[in-house]
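Visitor: okay, here's the prediction I keep looking at, along with the sequence it came from:
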Amino acid sequence: MTTTHEPVLLEEAMHYLAPGERDGVFVDCTVGGGGHAAEILRRAGASAKLLGIDVDKAAIKAARKALKKEEKAGRVTFLQRNFKELPEALDELKIERVSGVLADLGVSSLQLEDQKRGFSFMRDGPLDMRMNQALGTTAADLVNTLHERALSDLIFEFSEEPFARRIARTLVEERAKKPIKRTLELRQIVERAKPPQGGAIHPATKTFQALRIAVNRELDGLAAWIDKTAERLSPGARMVILSFHSLEDRLVKHAFQYLERTCVCPPRQPQCECGKVRAAKILTKRPVEPREAEIARNPRARSAKLRACERI
Ligand code: SAH
């Protein structure tokens, strides 16, 4: 398996975030290995600062290493926290408005490659998948304790896996014999549960994705977060979001459309009473996707979609 830590859609993300056009504070909500963050700082004005957030302690450590010089120069502050708490974090830091926000959602290549974290069906490891290892519930907990119906709903809801029911039934049968504890055990069970198919993606991809989303509550509150975060952008500042599966992309798309609307009254109401104002302008009519060459170099880019909006 080829691995790369190349930041996904780097040029495109910088084009839309446009850090060269302003000073002030930029926020990288998912600092990961620090790739996008380093480029934001390289392009932004000398007095611009970056707040680098990640919920994963190991990611903060890696980003800190990558951005050692910038941290020493006082240009970057790191925060191990869930970015969904960004508005609260900005309040605490007494930052009223920011010059741009980037979120590169999902799992990093650092996380995928670390077999102890249990994110990948390519490597044997404990069935964990927690981005924040201080939190309680692991993927093994879900697989071994949820009722069959809840497990099947979870897999279907978070991955649109058409064989969710069969997979859940097989998981429940297998765990009655012995608890499912390892990534490769889960992979084999899923392979067995599904009829053979000649698809481009591995049969376990969707089940792993669904469990990871559930363990980390990745979609919870994402739309409301976009709304609250847009309020903290300076006029003209941009929010750029990279998503990696259709559910996430749909959420981002709808949240951006909501920001752009001037009225959210029920359709047949004669006069507007909602008081909604247009908060942002969408910059990407359609999502921006990586070129073939990037996908060939970087498997993480395969399903990436970028959307951007600008604060009015
Ligand atoms: N842009 C980064 C890679 C980011 S990968 C780079 O250039 O290197 C996605 C990162 O987002 C992972 O490190 C993951 O831990 C983090 N993450 C995912 N959901 C998060 C959340 N809700 N809050 C904070 N960090 C999150």
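Guide: In hand now; what should we look at? Quantities reported herein were computed from a predicted structural model and do not represent experimental measurements.
Visitor: the ligand contacts on the chain?
Guide: Counting by Cβ under 6 Å from any ligand atom, the residues of the chain close to the ligand are 7, 30, 32-36, 53-56, 59, 82-84, 104, 106, 108, 131. Quick note: C-beta positions are derived from backbone N, CA and C, even for glycine.
Visitor: now the helices for the stretch 201-312 of the chain?
Guide: 205-215, 222-230, 246-260, 292-297 (DSSP state H, counting those that start in this stretch).
Visitor: in the longest one, what counts as buried?
Guide: By that I understand helix 246-260. 247, 248, 249, 251, 252, 253, 255, 256, 258, 259 (16 or more other Cβ atoms under 10 Å).
Visitor: just confirm the second one contacts residue 222, I think it does.
Guide: Yes. Between residue 248 and residue 222 there is a contact under Cβ atoms under 8 Å: 7.4 Å.
Visitor: what's downstream of the host helix or strand of residue 39, the next helix or strand?
Guide: Per DSSP states H and E, residue 39 falls inside helix 35-43. Using DSSP H and E, the helix or strand that follows helix 35-43 towards the C-terminus is strand 49-54.
Visitor: counting contacts, what elements does that next one pack onto?
Guide: Secondary-structure packing of strand 49-54 (3 or more Cβ pairs under 8 Å, 6 or more residues apart in numbering; DSSP states H and E): strand 25-28, helix 35-43, helix 57-66, strand 76-80, helix 86-92.
Visitor: for the chain, give me the ranges with low pLDDT.
Guide: Within the chain, the ranges that satisfy pLDDT under 70 run 1-4.
Visitor: pull the longest strand from it.
Guide: Longest strand of the chain, by residue count under DSSP state E: strand 233-243.
Visitor: touching that strand from outside, list them.
Guide: 8-9, 13, 16-18, 21-22, 24, 97-106, 226, 229-230, 249, 251-252, 280, 283, 304-312 (Cβ atoms under 8 Å, 6 or more residues apart in numbering).
Visitor: next: stretch 159-173.
Guide: For stretch 159-173, using Cβ under 8 Å, 6+ apart, the contacting residues are 143, 148-149, 151-153, 155-156, 180, 186, 189-190, 192-195, 206-207, 209-210, 213, 245-247.
Visitor: repeat the analysis, applying 6 Å as the threshold.
Guide: Residues from elsewhere that reach stretch 159-173 (Cβ atoms under 6 Å, 6 or more residues apart in numbering): 143, 148, 151-152, 155-156, 189-190, 193-194, 206-207, 209-210.
Visitor: now swap in stretch 139-153 and tell me
Guide: By Cβ under 6 Å, 6+ apart, stretch 139-153 touches 127, 129, 164-165, 168, 171-172, 175, 179-181, 211, 215.
Visitor: try 7 Å this time
Guide: Contact partners of stretch 139-153, identified using Cβ atoms under 7 Å, 6 or more residues apart in numbering, comprise 118, 126-129, 154, 164-165, 168-169, 171-172, 175, 179-181, 186, 211, 214-215.
Visitor: returning to that earlier point: who does the longest strand of the chain pair up with?
Guide: Sheet pairing of strand 233-243 (DSSP bridges) gives strand 98-104 (parallel), strand 305-311 (antiparallel).
Visitor: so which of those strands is the most surrounded?
Guide: Highest mean neighbour count of the strands paired with strand 233-243: strand 98-104, a mean of 25 (counted as mean count of other Cβ atoms under 10 Å).
Visitor: ramachandran angles for the residue positioned nearest the centre of the chain?
Guide: Centroid-nearest residue in the chain, with Cα atoms, centre = their mean: residue 105, separated by 1.7 Å. Main-chain dihedrals, residue 105, degrees, to the nearest 10: phi -70, psi 170.
Visitor: which residues touch it?
Guide: Here residue 105 is in contact with 30, 241, 242, 243, 244, 248 (Cβ under 7 Å, 6+ apart).
Visitor: state the distance from the last one to residue 105.
Guide: Using Cβ to Cβ, to the nearest Å, residue 248 is found at 6 Å from residue 105.
Visitor: for the fourth one, same thing?
Guide: Relative to residue 105, residue 243 is positioned 5 Å away (criterion: Cβ to Cβ).
Visitor: also the second one?
Guide: In this structure, residue 241 lies at 7 Å from residue 105, with Cβ to Cβ as the measure.
Visitor: and the fifth one, by the same measure?
Guide: Separation of residue 244 from residue 105 (Cβ to Cβ): 6 Å.
Visitor: what's the answer for the third one, then?
Guide: Separation of residue 242 from residue 105 (Cβ to Cβ) stands at 6 Å.
Visitor: name the surrounding residues that touch stretch 20-39.
Guide: Looking at what lies outside stretch 20-39 - Cβ under 7 Å, 6+ apart - the contacts are 5-7, 10, 13-14, 19, 40, 43-45, 47-54, 59, 62-63, 66-67, 83, 86, 95, 98-105, 108, 110, 234, 237.
Visitor: what comes up buried for it?
Guide: 22, 24-39.
Visitor: any chance of the strands paired with strand 233-243 in TSV with distance to residue 265 as columns?
Guide: As requested, these are exported to TSV (distance: least, Cβ to Cβ, whole Å):
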stretch	distance to residue 265
strand 98-104	29
strand 305-311	22
